[in-house]
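1. build me a structure from this.
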Amino acid sequence: MASKGDKLTTREEQTCQDYITTGNKTEAIRRNYKTENYSENALNVQATKFFKKPKIVLRIDEIRKKMEDESILNAQQLQQFWTKTILDNGEEMKDRLKSSELLGKCIGAFEKDNKQKATKIENKVNWSLIE
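-> As a prediction, this is how the structure comes out:
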């Protein structure tokens, strides 16, 4: 359970979000704290200190992980995409064939002794390339 000291303030959270958006620690600090009296050097030092705090490092890692998870297709989504492409008569034949090849490779259809093949494919897709 997180202690009270581990919880980020609204300003700290926004600073983390701004850092992810801009990629610039100093700019993230500048956007969320009063920095007009700081020299550029002093501001850089404060930004470095801020982003070394364990709870800040942890939060940045969490945000990045979430972004990675949301941006990468899983195997099922890829298979659905390839299947839709195969079945779409509006797609070019070369794209439909490539999708069928990739889908076949993904499910192990071309391998003689493939562990993926051991898994039963319950829903077989019946389709025709004749337009």
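
2. which residue is the nearest non-sequential neighbour of residue 12?
-> residue 56 (6.7 Å; C-beta to C-beta, 6 or more residues apart in numbering). In this view, the C-beta of every residue, glycine as well, is placed from N, C-alpha and C.

3. buried residues of the strand or helix carrying the one you found, list them for me.
-> If you go by DSSP states H and E, residue 56 is part of helix 54-71. Going by neighbour count (16 or more other C-beta atoms under 10 Å), the buried part of helix 54-71 is 56, 59-60.

4. which residues are contacting that helix?
-> 5-8, 12-13, 15-17, 19-20, 50-51 (C-beta atoms under 8 Å, 6 or more residues apart in numbering).

5. from these, which ones fall inside helices?
-> 12-13, 15-17, 19-20, 50 (DSSP state H).

6. so which of those residues is the closest to residue 92?
-> The closest of those to residue 92 turns out to be residue 20 (C-beta to C-beta; 38.2 Å).

7. show me what contacts that closest one?
-> 60, 63-64, 67.

8. among the residues you listed, show me the least confident.
-> Minimum pLDDT across these is recorded for residue 67, with 86.

9. and it, how far is that from residue 21?
-> Per C-beta to C-beta, to the nearest Å, residue 67 is found 11 Å from residue 21.

10. now the buried members of the ones in helices among the contacts of helix 54-71.
-> Buried subset of the ones in helices among the contacts of helix 54-71 (neighbour count, 16+ other C-beta under 10 Å): 12, 15-17, 19, 50.

11. before we move on, back to that, would you turn the ones in helices among the contacts of helix 54-71 into a markdown table with distance to residue 95 and pLDDT?
-> Formatted as a markdown table, the ones in helices among the contacts of helix 54-71 follow (distance: C-beta to C-beta, whole Å; pLDDT from 0 to 100):
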| residue | distance to residue 95 | pLDDT |
| --- | --- | --- |
| 12 | 47 | 97 |
| 13 | 43 | 97 |
| 15 | 45 | 96 |
| 16 | 41 | 96 |
| 17 | 38 | 94 |
| 19 | 40 | 93 |
| 20 | 35 | 90 |
| 50 | 49 | 97 |
